[in-house]
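Student: give me coordinates for this.
(4 chains)
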There are 2 protein chains.
Amino acid sequence: MRTVIDIDRDRRMAHRPTMNDVARTAGVSLKTVSRVVNGEPTVTPDLAARVRAAVESLDYRPHLGASMLRRNDRRTRTIGVLLADVSNPFSAAVHRAVEDECRARGSHVLTGSLDEDPRRERELASAFAQRQTDGLILAPTGGDQSYLRRLRGMPVVFVERSAAGAAADTVVSTNVAGAAGAVRHLVAYGHRMVGFLGDRRELPTQRDRHRGYLRALGGRGGPAVHDLRDEAAAERATVAMLRGPDPPTAIFAAQGLVTIGAVRALRRLDQHRRVALVGFDDFPLADLLEPAVTVVQQDPARIGRTAAAALFERIDGYDGPPREIRIPTTLIPRGSGEIVA
Amino acid sequence: MRTVIDIDRDRRMAHRPTMNDVARTAGVSLKTVSRVVNGEPTVTPDLAARVRAAVESLDYRPHLGASMLRRNDRRTRTIGVLLADVSNPFSAAVHRAVEDECRARGSHVLTGSLDEDPRRERELASAFAQRQTDGLILAPTGGDQSYLRRLRGMPVVFVERSAAGAAADTVVSTNVAGAAGAVRHLVAYGHRMVGFLGDRRELPTQRDRHRGYLRALGGRGGPAVHDLRDEAAAERATVAMLRGPDPPTAIFAAQGLVTIGAVRALRRLDQHRRVALVGFDDFPLADLLEPAVTVVQQDPARIGRTAAAALFERIDGYDGPPREIRIPTTLIPRGSGEIVA
DNA sequence: ATGAAAGCGCTAACAA
DNA sequence: TTGTTAGCGCTTTCAT
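Tutor: Below you'll find the model as predicted:
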């Protein structure tokens, strides 16, 4: 005498045995299975062995969602990582470092790409919260992060950029100092007219790098173009700048893709051996170009590791004031930045 | 009169309101809240409005884990993606494409890097299974995938490489044809002695690319070095090959990092304008090198999209035999492969 | 249209 | 040491 319900249940059981099934098979109570599965030491070796045999024969795997529902330390051992774009090298390096740090702590990583879309940022943060991630590592978009206050209890660490409307630990490169160092380097090689090429000016990183640029020039910058959102735009802007009224003898490119665009433009104009170039953010094969490209190298792996460490401190209950952690950059002279004026 | 338990409970409540709290605040039953939250149409507008107001004022967010526990279609709307290394450009591009496909279907992505470690592969697959991912996209390590049979009911799609000991949908590049095309290209430019440089020979992709190489040469290959696990090893092997007894006039590099190593070696020997080179797998800035590097371009984004689509078909119940989907490659002539013998 | 009761798979508290 | 009972937050079933 089977009802429809029983059949459904049977199909599910075929799918995935429960602790109860293991208990029946081993001839013990459910709670004994629970103890064995959780490695509690108070089980007789004999019973424990029977339970393990049953686990093995049924391919039993504990249901983490169910256990976390009842458990006191309601941890899913899962964190969310929201980056600009998991396929860009910087984000990918951060992601990987976070993953490594998680591995050491038995946690796993839910990922998402934001593509500079504040709405997507809110949606993903909220979706991860509904999935009970223990915390969030977030590279904020240009938007406002005050919505995070509604995710009370969910620790967040910002990476790459600082946030607006929300206070939390933040891990960023020393953007001002790094940019200033790069431009001082150019000045040291005799350049008076240094052009600036940057990505969207409202981004905190870009603002900081522009500030560093100005600081190194004593406040009197050269020609500047902002809001270059891709390689092609950067290439066009570089060409225009070099053909403009005050052609710079050196260029500071404040972002990775912008640097590549500038390289392409200099090549196209056959100026790559005459105009100096320093880019912010290293990229693969920079050393194999002709000339090799001098860059301000960031340390995305360290940013990721540091952010993860800070997040786990918060998850473990640390409750100090928000920290701003600055990861130093390194100027790597390779040739393009050592062209004299 | 408060007990310890009550205090604990209060702290949790402050953390996260439940459906019950919303029900109390709105003055309705828990089930009515459930109906509103799930968009069931059988609620009077008046009650629905009260519920929504309570949801708003309490910052209520449904607990996805709890709902999925009871729900009939036990979907977590989460899939697992296990790749070689989320920070390598190929994996990262696959990852991003999978994420985009998931976004369209309201799913999210748990990620993990395998680093060629079969044990890590098993651990992560098992950990994701315990988290009830709806399915898995897996770039198999060199090991054996038969352990997947114990994850019965969990759909899997293999990417990048075929698996051993487990049958499932597989999405791979046309490795044999791509490699053969590259080597035929070199032969067409007059090369008789074409060297082969490859990564670990036990990997299916590497075997296939070597097979394509041999096929294009009528079975009589030139000097070959396998098991080059990083750039530096590839660079050394290239130098040795060119200084060896039968120095090839052209090189086929069967993997991305191996190609870079070969480029470095050719530079170092000042042979980059004399020895032809075609690499398998494109890389950024290949076109800016001197000479620009001819490559067999794969389409990681398409691989990811296709794999995700196949996985969702399986999740939705499709039960046909395992499919092997081959994504075509494209030869991109840029200069290094067009050097004549 | 609304609600009460049962139960998803598991752990906590307590009892035996 | 082992088992029993209650209950995590939610959806289901069934009654009203």
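Student: ok, A:F158 touching A:A139?
Tutor: Yes: contact status for A:F158 versus A:A139: in contact at 7.3 Å, counting by C-beta atoms under 8 Å. Yep, even glycine has a C-beta here, placed from its N, CA and C like the rest.
Student: ranges for the strands of the stretch 51-200 of chain A?
Tutor: Ranges of strands in the stretch 51-200 of chain A, per DSSP state E, counting those that start in this stretch, are A:78-83, A:108-113, A:135-138, A:156-159, A:169-173, A:194-197.
Student: distance to B:I327, mean neighbour count and mean pLDDT added to the ones you listed, as CSV?
Tutor: CSV is the format used below for the strands of the stretch 51-200 of chain A (distance: least, C-beta to C-beta, whole Å; neighbours: other C-beta atoms under 10 Å in any protein chain shown; pLDDT from 0 to 100):
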stretch, distance to B:I327, mean neighbour count, mean pLDDT
strand A:78-83, 26, 25, 98
strand A:108-113, 22, 23, 98
strand A:135-138, 32, 26, 98
strand A:156-159, 33, 26, 98
strand A:169-173, 37, 24, 98
strand A:194-197, 36, 26, 98
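Student: to DNA strand C, which of these lies closest?
Tutor: Taking C-beta to the nearest atom of the strand, strand A:78-83 is the member of those nearest to DNA strand C, at 16.1 Å.
Student: what does chain A put close to DNA strand C?
Tutor: The interface of chain A toward DNA strand C, taken as C-beta under 7 Å from any atom of the strand, is made up of A:9, A:12, A:16, A:18-20, A:30-31, A:34, A:37-38, A:62-63, A:66-67, A:69-72.
Student: what do you get if the cut-off is 10 Å, keeping everything else the same?
Tutor: By the rule C-beta under 10 Å from any atom of the strand, the part of chain A lying against DNA strand C is A:5, A:9, A:12-13, A:15-23, A:29-38, A:40, A:42, A:60-74.
Student: just the buried residues of these.
Tutor: A:16-19, A:21-23, A:32-37, A:60-66, A:68 (16 or more other C-beta atoms under 10 Å in any protein chain shown).
Student: mark which of those are part of helices, please.
Tutor: Cross-referencing those against helices under DSSP state H gives A:19, A:21-23, A:32-37, A:64-66, A:68.
Student: how about the helices in chain A?
Tutor: Along chain A, counting by DSSP H, helices occupy A:4-15, A:19-26, A:30-37, A:45-58, A:64-70, A:89-104, A:118-130, A:175-188, A:204-216, A:231-243, A:256-268, A:300-315.
Student: by how many degrees do the last one and strand A:108-113 diverge?
Tutor: Here helix A:300-315 points in a direction 120 degrees away from that of strand A:108-113 (axes from the mean of the first three to the mean of the last three C-alpha atoms, to 10 degrees).
Student: CA atoms only for helix A:300-315, dumped as CSV, please.
Tutor: Provided in CSV are the C-alpha atoms of helix A:300-315 (Å, rounded to 0.1, in the frame of the first residue of the first chain):
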residue,chain,number,x,y,z
PRO,A,300,46.9,41.4,-5.5
ALA,A,301,47.8,38.1,-3.9
ARG,A,302,48.7,39.9,-0.7
ILE,A,303,45.6,42.0,-0.9
GLY,A,304,43.5,38.9,-1.1
ARG,A,305,45.3,37.1,1.7
THR,A,306,45.1,40.2,3.9
ALA,A,307,41.5,40.7,3.2
ALA,A,308,40.7,37.1,4.0
ALA,A,309,42.6,37.2,7.2
ALA,A,310,40.8,40.3,8.3
LEU,A,311,37.5,38.8,7.4
PHE,A,312,38.1,35.7,9.4
GLU,A,313,39.1,37.8,12.4
ARG,A,314,35.7,39.5,12.1
ILE,A,315,33.9,36.2,11.6
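Student: and for it, what are the contacting residues?
Tutor: With contact meaning C-beta atoms under 8 Å, 6 or more residues apart in numbering or on different chains, helix A:300-315 is reached by A:75, A:79, A:89-91, A:93-98, A:100-102, A:105, A:107, A:134-137, A:155-157, A:159-160, A:169, A:171-173, A:323, A:325, A:327.
Student: now for chain A, the helix or strand with the poorest mean pLDDT.
Tutor: helix A:4-15 (a mean of 41; mean pLDDT, DSSP states H and E).
Student: around DNA strand D, pick out the residues from the stretch 51-200 of chain A.
Tutor: So far as C-beta under 10 Å from any atom of the strand goes, the stretch 51-200 of chain A lies against DNA strand D at A:51, A:65-72, A:74, A:130, A:132.
Student: distance to A:D208 added to these, as JSON lines?
Tutor: As requested, these are exported to JSON lines (distance: C-beta to C-beta, whole Å):
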{"residue": "A:V51", "distance to A:D208": "58"}
{"residue": "A:G65", "distance to A:D208": "42"}
{"residue": "A:A66", "distance to A:D208": "47"}
{"residue": "A:S67", "distance to A:D208": "45"}
{"residue": "A:M68", "distance to A:D208": "40"}
{"residue": "A:L69", "distance to A:D208": "44"}
{"residue": "A:R70", "distance to A:D208": "47"}
{"residue": "A:R71", "distance to A:D208": "43"}
{"residue": "A:N72", "distance to A:D208": "43"}
{"residue": "A:R74", "distance to A:D208": "38"}
{"residue": "A:Q130", "distance to A:D208": "34"}
{"residue": "A:Q132", "distance to A:D208": "35"}
